[in-house]
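Undergrad: One predicted model, sequence on top.
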Amino acid sequence: MNKSKKFSPGIHERAVGLLPQHPGMHHSMRLAIKSIATKIKRVAKTLLTCVKRREVASGLRERVKTSEAQRVKEPEREVKQLRQANEVLKVTSALFAREGLARRFKPLES
């Protein structure tokens with residue numbers, strides 16, 4: 001059974017603080033994050049999340065607010081539903097048109 005180890009936020013902040021101190025040690029930020037994460041026995045993704053939070057807090061990275069993201073997703077979802085409804089209507093109208101033509105040109109029984 002795996003128990004997740006809770007580290008204090010101070011450890012994460014200290015690890016994030018180590019990144020700019022070693023600029024020439026790694027070829028990319030990803031490698032630096034991975035290296036530091038293994039040293040503090042954490043997953044690199046966790047440390048990357050902390051880095052992103054710090055960048056947002058300092059203004060280096062723009063962040064889309066959740067409310068804005070929802071405001072954009074809502075019309076997109078609605079458009080998708082409307083397109084699906086239009087496809088259903090096209091298929092059913094074609095079916096009814098075909099049925100109407102079949103009845104119209106049906107030979108009369110004598």
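TA: Done, it's in. Numbering: from 1, shown residues only.
Undergrad: Quick check: mean pLDDT of stretch 41-49?
TA: Stretch 41-49 carries an average pLDDT of 82.
Undergrad: which residue ends up closest to the midpoint of this protein in space?
TA: A69 (10.4 Å; CA atoms, centre = their mean).
Undergrad: what about it, which helix or strand?
TA: Per DSSP states H and E, A69 falls inside helix 66-104.
Undergrad: distance between that helix and the chain's centre?
TA: 25 Å (CA atoms, centre = their mean, to the nearest Å).
Undergrad: ok, now stretch 30-42?
TA: When C-alpha coordinates are averaged (CA atoms, centre = their mean), stretch 30-42 and its chain have centres 24 Å apart.
Undergrad: Identify each buried residue in it, please.
TA: A32, I33, K34, S35, I36, A37, R42 (16 or more other CB atoms under 10 Å). Using the backbone N, CA and C atoms, a C-beta is placed for each residue, glycine as well.
Undergrad: cool, stretch 75-93 as well?
TA: So, applying 16+ other CB under 10 Å, stretch 75-93 has no buried residues.
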